[in-house]
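**Q** model the following, please.
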Amino acid sequence: MGSASYVIGLGSNRPHGRHGRPEAVLRAAIAAMADHGLAVRAVSATRRTRAMGPSDRDYANAAVRVASDLPPAALLVLLKRIERDFGRRPSRRWGARVLDLDILAWSGGRYRARTLQIPHAALTARAFALGPAAEVAPGWRHPGRHRTLRQLDHRLHRRQAVDLGPAAQ
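**A** The predicted structure follows:
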């Protein structure tokens, strides 16, 4: 397989003993990806976002665009290993975590297996993932929505502004 591009979403809402605050955890995770052979091509700004679900800690979220010869399933195994290296343990869904790495998009288009779906199933509905992804790969076209990440991000923000009413605008 030739080199493929991936957009990986990063999230953290717990400090790490060695790396510190969640923002620093994300920077260290990006360095770890590079140390494991992923060629980092672009890094988004880090955003502070409200947690979904039971966690009461805000998240630091970002995205990176990387190049790799790994197929999607092997990349997922590598990302899960990096999460474990950072102290990630199985926890309840949407609970607090030191590091969360998700494959959001792939230059190969769609991929579906039991434990992995690309593009990420919730990508277009989650501003904390879509915004950073659009920053690192604005022209990437979603294979199911037939729009670029930049267009989808703009539509999501416009829809959220309308849903919040006139005071939010």
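**Q** by mean pLDDT, flag the weakest helix or strand of the chain.
**A** helix 149-164 (a mean of 76; mean pLDDT, DSSP states H and E).
**Q** any low-confidence regions in the chain?
**A** Applying pLDDT under 70 to the chain flags residues 1-2, 52-56, 90-96, 160-169.
**Q** hey, where'd the strands end up in this structure?
**A** 4-12, 39-43, 47-49, 59-68, 100-106, 111-113, 116-118 (DSSP state E).
**Q** so which of the ones you listed is nearest Ala127?
**A** Each of the strands of the chain has some distance to Ala127 by Cβ to Cβ; the shortest is strand 47-49, at 7.6 Å. For glycine as for every other residue, the C-beta is placed from the backbone atoms N, C-alpha and C.
**Q** Arg65 pairs with what?
**A** Counting by DSSP bridges, Arg65 is bridged to Val7, Ala42.
**Q** what's the answer for Gly11, then?
**A** Asn61, Asp100.
**Q** isn't it right next to Arg57, touching?
**A** No: taking contacts as Cβ atoms under 8 Å, Gly11 lies outside contact range of Arg57: 11.0 Å.
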